[in-house]
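> Fold the following, please.
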Amino acid sequence: QSQLVESGGGLVQPGGSLRLTCVASGLTLDYYAIGWFRQAPGKEREGVACASNRGGNTDYADSVKGRFTISRDNAKNTVYLQMNSLKPEDTAVYYCAAVIKAYVCVRNSKEYDYWGQGTQVTVSS
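Predicted structure coming up:
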């Protein structure tokens, strides 16, 4: 059974940092583009960051550029989202997603085939 499992969410003060981890099983991430998405209460899901299958191409939402970094360790079948300088508006459930595509960063959530269960990130003082 193929699945993605996120971890690393939690409560953090504004200006703090968190690192989210997404571990894949039943998938060989070397063949998959990865995306991080988030959904806040009452809002639509939005893309946060994406990375191509080998990590050569990455892209970020304007709201997180310069603060978030997506990275991946395909040998460990794991993807990370380092989040720095967190703001209250970053509060959301964060999801990782995977789609089998090579060399491209996939921004459209509808293209993804596999999704994790999500991890809650709350930024509050």
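> what about the residue nearest to residue 43 when sequence neighbours are not counted, how many neighbours?
Spatially, and ignoring its direct neighbours in sequence, residue 43 is nearest to residue 92 (7.8 Å; C-beta to C-beta, 6 or more residues apart in numbering). In short, each C-beta sits where N, CA and C put it, glycine included. As a burial measure, residue 92 scores 22 neighbours (other C-beta atoms under 10 Å).
> In contact with the nearest residue to residue 25 once chain neighbours are set aside, which residues are there?
Closest residue to residue 25 apart from its sequence neighbours, by C-beta to C-beta, 6+ apart: residue 3 at 5.6 Å. Residues near residue 3 by C-beta atoms under 8 Å, 6 or more residues apart in numbering: 24, 25, 26, 114, 116.
> helix, strand or coil for the residue nearest the centre of the chain?
Computing the C-alpha centroid of the chain and ranking residues by C-alpha atoms, centre = their mean puts residue 36 first, at 2.4 Å. Here residue 36 is recorded as strand under DSSP: H, G, I helix; E, B strand; the rest coil.
> what's the distance between it and residue 124?
Going from residue 36 to residue 124 by C-beta to C-beta, to the nearest Å gives 21 Å.
> Could you do residue 116 as well?
From residue 116 to residue 124 the distance is 23 Å (C-beta to C-beta).
> What of residue 102?
In terms of C-beta to C-beta, residue 102 sits 40 Å off from residue 124.
> still on that earlier bit, wait, doesn't the residue nearest to residue 43 sit right on residue 40?
Yes - counting by C-beta atoms under 8 Å, residue 40 is a contact partner of residue 92 at 4.1 Å.
> Enumerate every residue touching the closest residue to residue 39 other than its chain neighbours.
Take residue 39 and drop its neighbours on the chain: the residue closest to it by C-beta to C-beta, 6+ apart is residue 45, 4.3 Å away. Applying C-beta under 8 Å, 6+ apart to residue 45 gives the contacts 37, 38, 39, 95, 109.
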